[in-house]
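> can't give you the sequence, but here's the structure:
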């Protein structure tokens, strides 16, 4: 085949693996994967400054997925212990500098220009899941960064949400059969098979 059936990404196989879209709402807890830094810059949200790192997974079950890492090197007034949060973030940033044998050019706050040196660098990362928030949403975050050399990738396990309150009252038991009890069901004659 030529023309229409040619793809810039390689052979068009028609296989399920190549045809079906992968849809991941989040990456399972404790997944270990190699990842490349796509962006590394200063950011701010609701007045809180931090350093934002976007990692793109380069292998494993979630290859191509992105995970954001926030280094709260300026503290976090919303945390229980802002000094502890800042201390951990500063240590993570220093670990990144050491991992790639980079020395800061000055003692001041890192600028976006200073951080650009890390774009494209590869490391092994561990990805964690948050507990569900009030809306039931979970998010991924990077908990560990390791040297890519000899790093072993593995897929983690999704956190299971456990509900602690179950209403067993008669009023709460509203099954599909009860909701449909008054509807008359007629068989359809135009079944397509």
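That came through, no problem. Keep in mind it's a predicted model, so treat the numbers as computed, not measured. Numbering: from 1, shown residues only.
> burial count for residue 154?
12 (other Cβ atoms under 10 Å). Heads up, the C-betas are built off the backbone N, CA and C, glycines and all.
> contacting residues for it?
31, 32, 60 (Cβ atoms under 8 Å, 6 or more residues apart in numbering).
> quick one: secondary structure of the second one?
What that stands for is residue 32. Classification of residue 32 by DSSP: H, G, I helix; E, B strand; the rest coil places it in strand.
> show me where this structure has helices.
Ranges of helices in the chain, per DSSP state H, are 16-19, 82-99, 112-115, 176-179.
> Would you convert these into a markdown table that also reports mean neighbour count?
Formatted as a markdown table, the helices of the chain follow (neighbours: other Cβ atoms under 10 Å):
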| stretch | mean neighbour count |
| --- | --- |
| helix 16-19 | 9 |
| helix 82-99 | 15 |
| helix 112-115 | 14 |
| helix 176-179 | 8 |
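> Same list (those helices) but as TSV, adding distance to residue 140.
Listed next are these as TSV, based on distance: least, Cβ to Cβ, whole Å:
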stretch	distance to residue 140
helix 16-19	24
helix 82-99	16
helix 112-115	21
helix 176-179	35
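> Is it possible to get a markdown table of the ones you listed that adds distance to residue 138 and mean pLDDT?
Below are those laid out as a markdown table (distance: least, Cβ to Cβ, whole Å; pLDDT from 0 to 100):
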| stretch | distance to residue 138 | mean pLDDT |
| --- | --- | --- |
| helix 16-19 | 27 | 70 |
| helix 82-99 | 21 | 95 |
| helix 112-115 | 28 | 97 |
| helix 176-179 | 28 | 52 |
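> between those, which one is nearest to residue 148?
Checking the helices of the chain against residue 148 by Cβ to Cβ gives helix 82-99 as the closest, at 9.0 Å.
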